[in-house]
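# show me how the following folds:
(one chain, ligands or ions: 1)
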Amino acid sequence: MPANTKKATGKMPPTKSANKGKPAARESIKPENKLAKLGLHNDMDLALHLPLRYEDETTLMTIADASLRGLQMVQVEGVVTACDVQFRPRRQLVVTVGDDSGQLVMRFLNFYGSQTKQLAEGTRVRVRGELRHGFFGAEMVHPQYKVVNEGAPLPDVLTPVYPAGEGLSQAYLRKSIANAMSRLDWQDTLPPSMLDTLKLAAFEPSVRLLHNPPPDVDEHALIERSHPAWIRMKFDELLAQQLSLKRAQAARRAKTARALPVTGRVTADLVKQLPFKLTGAQERVLEEIRADLRHSFPMQRLLQGDVGSGKTVVAALAAAQAIDSGFQAVLMAPTEILAEQHFRKIAAWMEPLDVGVAWLSGSQKKKEKTEALAHIESGAARLVVGTHALIQDTVQFDNLGLVIVDEQHRFGVGQRLALRNKSFNPAGGAAPDEAQTVPHQLMMSATPIPRTLAMTYYADLEVSVIDELPPGRSPIVTRVIDQNRRDEVIERVHAAALEGKQIYWVCPLIEESEALQLQTATDTHATLSAALPGLNIGLVHGRMKPVEKQIVMEGFSRGAVHVLVATTVIEVGVDVPNASLMVIEHAERFGLSQLHQLRGRVGRGSAASVCLLMYQGPLGGTAKERLAIMRETTDGFEIARRDLDIRGPGEFLGARQSGEAMLRFADLATDQWLVEKARDTAQALLQHAPDIVERHLARWLGGREDYLKV
Ligand SMILES: Nc1ncnc2c1ncn2[C@@H]1O[C@H](COP(=O)(O)OP(=O)(O)OP(=O)(O)O)[C@@H](O)[C@H]1O
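Just a heads-up that it's a prediction; the model follows:
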């Protein structure tokens, strides 16, 4: 007769951290709710809650062999020969266990009183832990153990260890997951022929293997997530994401937009009066945008272009097409400085063409604002430029045809949608069907997004890339300099200013305290003013009144200010082509893309530009790497790729970017090939197998599709 396998599972002893929360308080949260806290709401969620690692309880070793193993997890079985509380070297439960080959001591510094009974002399226990030679000879401190009957079978699979929330035991998770798996409908969402073609493992065996792998499995491949079973999970996950994004795209296409087909007088005159010829890349992306605007479904296009590549003029020409077609256009930018600069540039282009341009910002005087609002509502303003003040309820458009959002990643999804929903003025007699009509949307970003990310996070956007800089730019030379050579740097600033060059001096980023950051900027301004008495030194920071900021920025644009001391408010978009030297203090505190954006403020004219990255050593590994990358390249895409490697996609995109919450398994940095496979499969399934699409999305997304609304 097989031995009785009833296991008296040894309770985990109270550890220090477990002792902190009072048991009564912990028990008040039901385990189901704790599962929900981990995002586990249904059986499939549980089945897809995959182990972090495994424990091998499938083999037993003799105590003698185990003591030769050094510090390694081993499992032995023996009978308790002594069990008592000892007080030397400190209070602890000391349990001696022996087998035919020898004996070891289990030590528990934290223990329950009941453990002395549970581990009474003569009890057979299976013990897992690292065996070492200590105070009591061969010993294990706080090993895991189970009380077993003689001959109790060993498990034939590895034991999973799951990510667990507070108060959720592995035993409870294992049981919940096993129960869920026994109830599931395991039908594969993909047909066998497709799995063959894609060289993918079947779903059910993959999930089962990941929870309970056989002992001879390639454990390294499991941990590295390169095992075919993992590949299947990642593929399925990416496929769900692609399907979902593509469906969102289809839903968008099902909406209507006003076709903006005309390129007439405004467009032609604008092109004519530009002081330069568009680059090939600008022409190309403009053609892409123009084609979209002719459609009667809304454009949703992301215009990417490295710093200084000339996105503004492309935006202005897109707006010109909306205006020529009889509609209004709006351009929203994330900061007052940037919005204001766009406004000046665009108004200077448009006003000679008799196009009304309105300016709207939060800090505007009441009278100006009321006037701007009236012009926007009556349609006298054909083009509106502003900050997020544009999304307030008081802003009503007459007939908005095109929304342009600069530095789109700095706005939340809600803010972008709010602007888009302002399409038509209901009081202005818009026809009822126009309530369903949304404007075309052009989003711009100077943070180049590597292809994999663009494909996964923006799969439902069309993407245009300006991959060429206007001619005549001389490359920026970047130097990395120790802070203690500050005097030399100041001397260099002086010399540059005497040559008629203009200089940015960027103050350190102090994340913990804005007040401190301001203080530093003010101090730097004072020091430089004292050190360089012949020069006009300006200061600009985020706390200044907009009009003060404007005066300084204008002075700098005109060349009246030689050196502009600035906080990172100048990071995006500021365009003063005569500025050709930039000093960035404490460059080690900035992220790569931020440094790239900052550096992009110079090198915008024909003069050779220099960027001095001052740092305070000693530098950590990552900081060193970042500065080295900045020295090596000025290519925004290359920098973005390296930034992605360093930071990972979540941080790279910023916390609020959607989509990320979905990816539990796939890693965009290493699984690019799978992303491409998933994208192609999604395309094919949407065309030919809508039933598979439904099944797959239901399995993988459940109620979570909301994550993906872009
Ligand atoms: N085709 C061109 N030839 C010459 N100069 C150009 C061309 N297109 C744009 N410029 C000029 O290049 C500078 C940078 O253009 P713009 O400000 O539009 O860049 P951007 O892409 O918005 O950069 P950033 O993201 O840094 O703001 C401007 O001074 C602009 O007038």
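# contacts and neighbour counts: CA atoms only from here.
Fine.
# return the set of buried residues in the helix of greatest length in the chain.
Secondary structure of the chain read by DSSP state H shows that its longest helix is helix 228-254. For helix 228-254, burial by neighbour count (16 or more other Cα atoms under 10 Å) applies to 228-249, 252-253.
# so what pLDDT did the closest residue to L109 other than its chain neighbours get?
Using Cα to Cα, 6 or more residues apart in numbering and skipping the chain neighbours, the partner closest in space to L109 is Q92 (4.6 Å). You'll see Q92 listed with a pLDDT of 92.
# how about L260?
So L260 comes in at 93 (pLDDT).
# surely it and A320 touch.
No: taking contacts as Cα atoms under 8 Å, L260 lies outside contact range of A320: 10.1 Å.
# higher neighbour count, the two?
Regarding L260 and A320, a neighbour count based on other Cα atoms under 10 Å identifies A320 as having more, with 29 against 26.
# how far away is the more buried one from the ligand?
Separation of A320 from the ligand (Cα to the nearest ligand atom, to the nearest Å): 15 Å.
# pull the residues that contact the helix or strand harbouring that residue.
Assigned by DSSP states H and E, A320 belongs to helix 311-324. The contact list for helix 311-324, computed with Cα atoms under 8 Å, 6 or more residues apart in numbering, reads 260-267, 270-271, 282, 285-286, 289-290, 303, 305, 328-330, 342, 346, 382-383, 401-402, 404, 444, 466.
# in PyMOL, select just the buried ones from those.
To isolate the buried ones among these in PyMOL, judged by 16+ other Cα under 10 Å, type:
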select buried, resi 260+261+262+263+266+267+270+271+282+285+286+289+290+303+305+328+329+330+342+346+382+383+401+402+404+444+466
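# can you map out the helices along the stretch 201-350 of the chain?
Remark: helices assigned in the stretch 201-350 of the chain by DSSP state H, counting those that start in this stretch are 203-211, 219-224, 228-254, 265-273, 280-293, 311-324, 336-350.
# in terms of secondary structure, what does the second one contact?
With contacts defined as 3 or more Cα pairs under 8 Å, 6 or more residues apart in numbering; DSSP states H and E, there are no secondary structure elements packing on helix 219-224.
# now do the buried residues in it.
Going by 16+ other Cα under 10 Å, helix 219-224 has these buried residues: E219, L222.
# the top strand by length along the chain - contacts with which helices or strands?
Using DSSP state E to define each element, the chain has its longest strand at strand 73-86. Identification of packing neighbours for strand 73-86 by 3+ Cα pairs under 8 Å, 6+ apart yields helix 63-66, strand 92-99, strand 124-130.
# with respect to the ligand, which of those lies nearest?
Checking the helices and strands packed on strand 73-86 against the ligand by Cα to the nearest ligand atom gives strand 124-130 as the closest, at 57.0 Å.
# now do the buried residues in whatever helix or strand comes next after the closest one.
The helix or strand immediately downstream of strand 124-130 is strand 132-134, counting by DSSP H and E. When neighbours are counted by 16+ other Cα under 10 Å, the buried residues of strand 132-134 are found to be R132.
# can you list the buried residues in the following helix or strand past strand 132-134?
As assigned by DSSP H and E, the chain's next helix or strand after strand 132-134 is strand 137-141. Across strand 137-141, burial judged by 16+ other Cα under 10 Å covers A138, E139, M140, V141.
# which elements pack onto strand 137-141?
Short answer (3+ Cα pairs under 8 Å, 6+ apart): strand 137-141 packs on strand 102-108, strand 124-130, strand 132-134.
# what's the shortest one in contact with?
In this case it means strand 132-134. S67, G70, L71, A138, E139, M140.
# what pairs with that strand, parallel or antiparallel?
Using DSSP bridges, strand 132-134 pairs in its sheet with strand 137-141 (antiparallel).
# what is the mean pLDDT for the strand it pairs with?
90.
# what angle separates that strand from strand 124-130?
90 degrees (axes from the mean of the first three to the mean of the last three Cα atoms, to 10 degrees).
# export the buried residues of strand 137-141 as JSON lines, with columns for distance to the ligand.
Output for the buried residues of strand 137-141, formatted as JSON lines (distance: Cα to the nearest ligand atom, whole Å):
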{"residue": "A138", "distance to the ligand": "66"}
{"residue": "E139", "distance to the ligand": "64"}
{"residue": "M140", "distance to the ligand": "61"}
{"residue": "V141", "distance to the ligand": "59"}
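# wait, which of the contacts of strand 132-134 is closest to K117?
M140 (19.5 Å; Cα to Cα).
# from what I see, that closest one and L109 are in contact.
No: counting by Cα under 8 Å, M140 stays clear of L109, with 11.4 Å between them.
# would you put the C-alpha positions of the helix holding A320 in CSV?
Extracted as CSV, the C-alpha positions of helix 311-324 are listed here (Å, rounded to 0.1, in the frame of the first residue of the first chain):
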residue,chain,number,x,y,z
LYS,A,311,8.5,71.0,-37.8
THR,A,312,7.0,74.4,-37.3
VAL,A,313,6.8,75.3,-40.9
VAL,A,314,5.3,71.9,-41.7
ALA,A,315,2.6,72.6,-39.1
ALA,A,316,2.0,76.0,-40.5
LEU,A,317,1.5,74.6,-44.0
ALA,A,318,-0.9,72.0,-42.7
ALA,A,319,-2.8,74.8,-41.0
ALA,A,320,-2.8,76.7,-44.3
GLN,A,321,-4.5,73.8,-46.0
ALA,A,322,-7.2,73.8,-43.4
ILE,A,323,-7.6,77.6,-43.8
ASP,A,324,-7.7,77.4,-47.6
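# quick one: buried residues of it?
Quick answer for helix 311-324 (16+ other Cα under 10 Å): 311-324.
# and what of stretch 557-574?
Quick answer for stretch 557-574 (16+ other Cα under 10 Å): 557, 559-574.
# got phi/psi on K37?
phi -60, psi -30 (degrees, to the nearest 10).
# sorry, that was for G500
phi 90, psi 10.
# tell me, how many residues neighbour it?
A count of nearby residues for G500, using other Cα under 10 Å, gives 13.
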